[in-house]
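Undergrad: the following comprises the amino acid sequence and a computationally predicted model.
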Amino acid sequence: MTEISDILFKKLESEFILNRDQLAPIVNGFLNEFQIGLKTPSKGLATMIPSFVTQLPTGNETGTFMSLDLGGTNLRITAVQLLGDGHVKVLEVKHSPTKELKTGPGELFFDWIADAVEELITVKARHLFQPDQVSGKETLALGVCWSFPVDQTEVNRGTILRMGKGFTLQNTEGRDLATMFHEAFERKGLNVKVSAILNDTVGTLVAHAYTNPRSRIGLIFATGVNAAYPEKVENIIKLDQQVRDKYPAGTEMLLNTEIDIFGNEDYLPLTSYDITMDKSHNQPKFQLYEKMMSGAYLGELTRLIAMDFIKNDALFKGQIPEGFDEPWSFPTMYMSALERDVTSTRQVSLEKILGKYHFEQQPSLEDIAILTRICRIVSTRSALLCSCAIAALIEQQGLVTKSNADIIVGMNGSTYEFYPFMEERLHRALRQWFGVEISDRIRLEITSDGGSVGGALIAMLCC
Ligand code: BGC
């Protein structure tokens, strides 16, 4: 390692490897925003969004239900068979929207979804539905897991708010989500009715409760980040008093925090790289916390840092590989591959991973080691920041002091599940915050198919 890269790494680590004192303002900032969000009506950039789900499954429910799960990358339409005893079987149709669909007219996008619903009912899972349901004589219920902010007004109604993850659908913001689905189903001659709308975090929490009814947090750590938890209805001041009065005292309702939107320059330790990346994004200043730590952004942050190293002659002999200066050209997937790599296979992955860039001079193993170290620093900060969300949600619910029971977190998402060492890093970060004794009680448990299973469960619980 040269002297210059040593200096650059020291600076980078001092900005990215946050200690407990540096995490405190973030956790406190989140706790403060919880309180504000509980009071502020859900309009525009809403947080702390009520789901109107006040019941968690017991694990004994059975039957076949249909759900739809839309995230940043995939659309999944699923027939979920609840088998009881916490077991499920899923059969799905999966498609990815093109950039044109994600940025084009809303109607076209919903028509595309309706086609996928039809494919599930009439082809893929035909045998799981009744003949009258397949022919359209009988209405089929659909649980919709929407991984974007929605201002929910009822369990099956909600206004579409500003979407992230590359979606800029025309004529959708401000419209009722269920109505947009129903119009498309009608255009396509489908007899399907949206019986529940839920955020993917709510879906994850509900799905996890099917296997572990003591779950208290549903957390998505994927392309985006977000979390849900049960809050006492009496604390959700933003709900009208008459609505709150309808629920028996002590009832808890699942809240979609939209923690991805939390944070501002005052308490997030934004670096020059975060600021540069945010400025180059098509929605600047939106989801600042998410941009510092979720899968959609880690690769670009790494690329920006690497560019700095190159400019300082500390990487690739000071030569920018052709294409490497292209913003967003270095996906988070490359970071995973580099970090997963072991020395003996370095040369192979080097060709595979960096093959898309043109190098005047092939990068050395030292270059790869430097790039990998940058990846490690960026992803370690991501784990540290994720721990702040978990810590704030635990504190908000008083879970540490209420009892000595384990604290169950249903976790879902590619960044958590597939990024190498993320799980260990997150545990280490929680240990740094809570100390060994308490952090040992925190169980981060993977929820498979959170969106689809949660969607089906809520569709069932609400029918
Ligand atoms: C969205 C949330 C979603 C999260 C995880 C964020 O970008 O705004 O609604 O829950 O990603 O998918």
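TA: On my side now, so go ahead. The shown structure was predicted, so the numbers you read here are calculated from the model rather than taken from an experiment. Residues are numbered from 1 along each chain as shown.
Undergrad: show me what contacts the residue in the stretch 1-150 of the chain positioned nearest to the ligand?
TA: Minimum separation of the stretch 1-150 of the chain from the ligand (CB to the nearest ligand atom) falls at Ser147, amounting to 3.9 Å. In short, each C-beta sits where N, CA and C put it, glycine included. By CB atoms under 8 Å, 6 or more residues apart in numbering, Ser147 lies in contact with 69-72, 165, 199-200, 220, 224, 226, 451.
Undergrad: quickly note the distance from it to Glu92.
TA: 16 Å (CB to CB, to the nearest Å).
Undergrad: got it, and Asp240?
TA: Relative to Glu92, and taking CB to CB, Asp240 is found at 38 Å.
Undergrad: right, and the ligand sits closest to which residue of this protein?
TA: For the chain, CB to the nearest ligand atom, closest residue to the ligand: Gly224, 2.4 Å.
Undergrad: I'd like to know how many residues surround that residue.
TA: 24 (other CB atoms under 10 Å).
Undergrad: count of neighbours near the closest residue to it other than its chain neighbours?
TA: In this structure, Gly224 finds its nearest non-sequential neighbour in Ser294, 5.2 Å apart by CB to CB, 6 or more residues apart in numbering. Look at Ser294: counted by other CB under 10 Å, it has 28 neighbours.
Undergrad: can you pull the phi/psi pair for Ser294?
TA: phi -100, psi 170 (degrees, to the nearest 10).
Undergrad: give me the nearest residue to Met333, chain neighbours excluded.
TA: Nearest residue to Met333, sequence neighbours excluded (CB to CB, 6+ apart): Gly299, at 7.3 Å.
Undergrad: surely the residue of the chain closest to the ligand and Ile259 touch.
TA: No: judged on CB atoms under 8 Å, Gly224 makes no contact with Ile259 at a distance of 10.3 Å.
Undergrad: show me where the stretch 51-200 of the chain has its strands.
TA: Along the stretch 51-200 of the chain, the stretches classed as strands by DSSP state E, counting those that start in this stretch are 62-70, 75-84, 87-95, 140-146, 150-154, 157-160, 192-198.
Undergrad: Glu300 versus the residue nearest to Gly224, what's the distance?
TA: Distance from Ser294 to Glu300, by CB to CB: 11 Å.
Undergrad: quick check: longest helix of the chain.
TA: Ranked by residue count, the top helix of the chain under DSSP state H comes out as helix 365-396.
Undergrad: check the offset of that one from the chain's centre.
TA: 16 Å (CA atoms, centre = their mean, to the nearest Å).
Undergrad: got the domain boundaries for this protein?
TA: Listed by automatic domain parsing, the domain ranges of the chain are 1-51+212-447, 62-198.
Undergrad: as JSON lines, these with distance to Met460 and mean pLDDT would be great.
TA: Formatted as JSON lines, the domains of the chain follow (distance: least, CB to CB, whole Å; pLDDT from 0 to 100):
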{"stretch": "domain 1-51+212-447", "distance to Met460": "15", "mean pLDDT": "93"}
{"stretch": "domain 62-198", "distance to Met460": "5", "mean pLDDT": "94"}
